[in-house]
Structures are given as C-alpha cells and as structure tokens.
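[1] Fold the stuff below for me.
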Amino acid sequence: MLNSQATPQKPKKSINRILKITLQVIAIAVIIAALLWYIGTTVPADFKPEEPSIIRGIDFLFTTALTINIGYFLLAFLMYFGINVFFTIRLRRVLAKDGVKTTFGKSLLAQYAGMLTSDFTPGRSGYILTPIYLRDQNVPTSKGLSSILGIQTIEFLVKVAGGIGAVAYLVYMVPMTTWSEMFPQEIVGVNIGIIVAGLGIGLMLIGAIVLAAFTWSKRAITVFDRIANWRFIKRFTGGLIGKLEEYKESAHSTQRAIPEIFALTMVCWALKGLEWYFLGLALGITNVPLIAYFLIHPLVTALAFIPILPAGIGIQEFGIIGILGLLGVPIATAGVFAIIARFLLILQDLIGVPQIVKSTSLIFSRKKTQEPPITPSTPT
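    This is a model prediction of the structure:
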C-alpha cells in the first residue's frame, strides 16, 4: 500500500525537473541569440551588410576566431591552467590543516571536475560538489565541505573588494565624453552590464557573510540547522544538512588556513588578470592596460554567481561587453572576447570529465552494495 501511494510522486518530480531544464535551455538559447544579434548590430558597416544581424554576429565571431593570435591564446590557456594548479594547492593546504592527506594529481582532477560542474550549474553552485570528487582519496565529506566553504568565503570577499575597486577605477579613468559619444545600443549594454555587475557583487557579499558565519560561528550553523530542517526547506537541501554537525568540528581547522587561502587567492587573481590580458592581445585589443584587466575581472565574473542561468551564461558576456565598451573596445570585439573567454574555461575544464564519471560510478556502486536484499513476500 505504501509503495503504491509513493510511486506517483516520482513521475511528477521527473516531469518538473525536465520542465525546469527545458526552460533553462530555452532561456540560454534566447540569450545567446540576443548576444549574437547584439554583436551583429555593432560590427563594422562594411562587414557583410547584406546579412541579417544575427548571421553577421556569427560570421564575425568565426572570422575573428580564425585570425586569433595562437601564441597569446596559448599563454591565456596556460594562465588558466596555473589558476587551477594554485586552486588545487590551496585546497590541499586547507585539507592538510584538518589532518587529511591528498595527492596533487588526483586533487587536480577533482578541482577540474568541480570547475566543470560549476560551468553548467546556476550561480556556479556545482563547485560545492568537489568533496564528492575527492572521495576516491577517502576525504571525509564534512572536511571536504568545510574546506570548500572556507575557501569560497575568502574568494567571495576578495572578489567583492576587487569589484568595488573596478567601479572606482572606471569612475576615475573613463572620461565623461565617452558616455555622450556612445551609440544608443552601446549605452544600453554598458548600463545593463554595470547594474547586473552590481547585483552580482551584492550577492557575493551576502554569500561571503553567510559562509563566514558558518566558518567562524558555531551558533550560526546551529541556527541554520534549525531553519534548514523545516519540512518545506528540507526538500531543497537534501542530504547536505546531515553534514552540518560534522562541519562544525572541521570549520575550526579551516580558520587556521585563512592566511594561506588569502595569499593563494591573490596569486590566482593575478593569474586571471594575465589570462584576460593575453586573451585581449590574442584578439588585437591593445588599448586596455594590464591593471584594468586585474581590476575588472572580479567585477564581471561576479555575474556568473547570479543564480538564474548556468554560470551566468549570457549575463556575464553582456557585462564584459559593457565594461570593455567603457574602456574603448569596440562592442563586437568585446563580444567575441567574452565568448572566447568562456570557451577557454570550458575547453580546459573538460579535463575533469573522467573524474566526474569515476565519482558517479563510485557512488552508484556504493549504493548497490549498501542496498538491503529484497525479501520475498509471503503469499496470503
């Protein structure tokens, strides 16, 4: 009787999930089409004027990609590899403070798996699954979770500070005449970019405060535990809440790693600035100084944390167009920069695919072994 009543819930949940994914795919398609159309409306007038704007945008993207400077592109690719290396060192150092030993190679694959998951989840929330990808090294989930949350606390605070610094830089460096000389579509792009970037910074600041409360206050975890165990909210938190009690014990060890987390995060910030600088040079963007890339990337990458679409796809690209437009980069070129910047990340993050497959199979194999045998029912 209980089983027959419970089974109708599963198809309903599956239908809701399929509907949610379908709506997200449609939204992504619409935003990408709008992005390509926007690029097409701002390309040089003599570039295939007979084609519709969206086709011009696609053609301009491929034409620019074919003329990219491979040397500078590879340097940008190398900088992103360096970021993941230092992310891995940072994670291993935090885990070591909690008495957990890991190997660099396996941890690097887990890092890439976490990054790849974040590339396709709203607000880059998929990175929190990194502890699952560390299970093949017998890293306790609670310790992996406390390490990730502690790292993200400092990461968010640094990005918030960087974003505010970028706004100050733009206000100081961009002359007022730039605003008046812009075309209407450029002004729209800039305004939307700055407004949404401000929203992203606000969300990261809230996230940093919440995560900091978890890391530094056991009382905050207790309060959250009570709220999260309400019947309505518990449906959305899953089994993660069960780890909060263990997380309390691991959080103290994470606190001791804060100086190292901050230092390694600043190294990664510098490498991200160099990545964008080399990518700009690969596309022939020479009028943006190195210091500008260091300051603006926390501002525009904040858009990826807006929990609407996977990794803020489309939203982040419009933000990049707006900010680079303020710095004198042609809108069409800035659009190509934004698209290739995302492509570079996803291309390298594919290194994490084998680890995702391995971890998934490990989870399912454990479920099978832990599944109790089905006892035959006695005939009535």
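[2] so where's the stretch 101-250 of the chain uncertain?
    174-201, 203-204, 207-208, 210-250 (pLDDT under 70).
[3] quick one: contacts for Ile308?
    Ile308 makes contacts with 122-123, 315, as judged by Cβ atoms under 8 Å, 6 or more residues apart in numbering. In this view, the C-beta of every residue, glycine as well, is placed from N, C-alpha and C.
[4] ok, it to Phe47 distance?
    According to Cβ to Cβ, to the nearest Å, Ile308 and Phe47 sit 32 Å apart.
[5] list the buried ones in stretch 320-339?
    Across stretch 320-339, burial judged by 16 or more other Cβ atoms under 10 Å covers 320-327, 329-339.
[6] again, but for stretch 102-119
    Buried positions in stretch 102-119, judged by neighbour count with 16+ other Cβ under 10 Å: 102, 106-119.
[7] Over to stretch 30-37?
    31, 35-37.
[8] which residues of this structure fall in strands?
    Under the criterion DSSP state E, the chain contains no strands.
[9] Geometrically speaking, which residue is the centre of it?
    Central residue of the chain (Cα atoms, centre = their mean): Arg124, 3.7 Å from the mean position.
[10] contacting residues for it?
    Counting by Cβ under 8 Å, 6+ apart, Arg124 touches 118, 304-305, 311-312.
[11] Name the nearest residue to it, sequence neighbours excluded.
    Distances taken as Cβ to Cβ, 6 or more residues apart in numbering place Ser118 nearest to Arg124, at 4.0 Å, with adjacent residues excluded.
[12] Surely the one you found and Tyr133 touch.
    No. With contacts counted by Cβ atoms under 8 Å, Ser118 stays clear of Tyr133, the gap being 11.7 Å.
[13] Centre of the chain to stretch 293-303, how far?
    12 Å (Cα atoms, centre = their mean, to the nearest Å).
[14] go on, stretch 271-285?
    Averaged C-alpha coordinates place stretch 271-285 at 19 Å from its chain's average position (Cα atoms, centre = their mean).
[15] try stretch 341-350
    Per Cα atoms, centre = their mean, the centroid offset for stretch 341-350 relative to its chain is 12 Å.
[16] Quick one: mean pLDDT for that stretch?
    Confidence for stretch 341-350, expressed as mean pLDDT, is 93.
[17] And stretch 325-336, by the same measure?
    Across stretch 325-336, the average pLDDT comes to 86.
[18] now the end-to-end length of that stretch.
    Start-to-end span of stretch 325-336 (Cα to Cα, to the nearest Å) is 12 Å.
[19] List the residues that contact the nearest residue in space to Ala110 that is not next to it in sequence.
    Once flanking residues are discounted, Ala110 sits nearest to Tyr133: 3.8 Å by Cβ to Cβ, 6+ apart. Listed by Cβ under 8 Å, 6+ apart, the contact set of Tyr133 reads 109-110, 113-114, 352, 355-356, 359.
[20] now do 6 Å
    110, 113, 355, 359 (Cβ atoms under 6 Å, 6 or more residues apart in numbering).
[21] Pick out whichever of those residues sits closest to Glu51.
    The shortest gap between Glu51 and any of those belongs to Ala113, at 40.5 Å (Cβ to Cβ).
[22] Am I right that that closest one is in contact with Gly352?
    Yes. Assessed by Cβ atoms under 6 Å, Ala113 is found in contact with Gly352 at 3.5 Å.
[23] how much space between the nearest residue to Tyr169 once chain neighbours are set aside and Thr265?
    Nearest residue to Tyr169 in three dimensions, chain neighbours excluded: Leu295, at 4.8 Å (Cβ to Cβ, 6+ apart). Using Cβ to Cβ, Leu295 is found at 16 Å from Thr265.
[24] ok, those two, which is more surrounded?
    Leu295 (23 against 18; other Cβ atoms under 10 Å).
[25] phi, psi of the closest residue to Gly280 other than its chain neighbours?
    Nearest residue to Gly280, sequence neighbours excluded (Cβ to Cβ, 6+ apart): Val288, at 5.7 Å. Note on Val288: backbone dihedrals following degrees, to the nearest 10 are phi -100, psi 120.
[26] Likewise for Gly314?
    With angles defined as degrees, to the nearest 10, Gly314 sits at phi 90, psi -50.
[27] can you tell me which residues contact it?
    Gly314 is in contact with 31, 35, counting by Cβ under 6 Å, 6+ apart.
[28] for the one 10 residues further on, same thing?
    Leu324 sits next to Ala334 when contact means Cβ under 6 Å, 6+ apart.
[29] Next, find the distance separating it from Phe337.
    Taking Cβ to Cβ as the measure, Leu324 falls 7 Å from Phe337.
[30] Could you do Phe81 as well?
    Relative to Phe337, Phe81 is positioned 20 Å away (Cβ to Cβ).
[31] And for Val100?
    Taking Cβ to Cβ, one finds Val100 at 39 Å from Phe337.
[32] hang on, the earlier thing: in helices, which of the buried residues of stretch 30-37 fall?
    Counting by DSSP state H, those place 31, 35-37 in helices.
[33] can you list the residues you listed in TSV and add pLDDT and distance to Ala282?
    Output for these, formatted as TSV (pLDDT from 0 to 100; distance: Cβ to Cβ, whole Å):
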residue	pLDDT	distance to Ala282
Ile31	82	25
Leu35	82	20
Leu36	83	20
Trp37	85	25
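[34] Thr67: which of those residues is nearest?
    Nearest to Thr67 among those, with distances taken as Cβ to Cβ, is Leu36, at 18.3 Å.
[35] mind listing the helices in the stretch 51-200 of the chain by residue range?
    Ranges of helices within the stretch 51-200 of the chain are 53-66, 70-97, 104-119, 130-133, 141-173, 176-181, 184-216, based on DSSP state H, counting those that start in this stretch.
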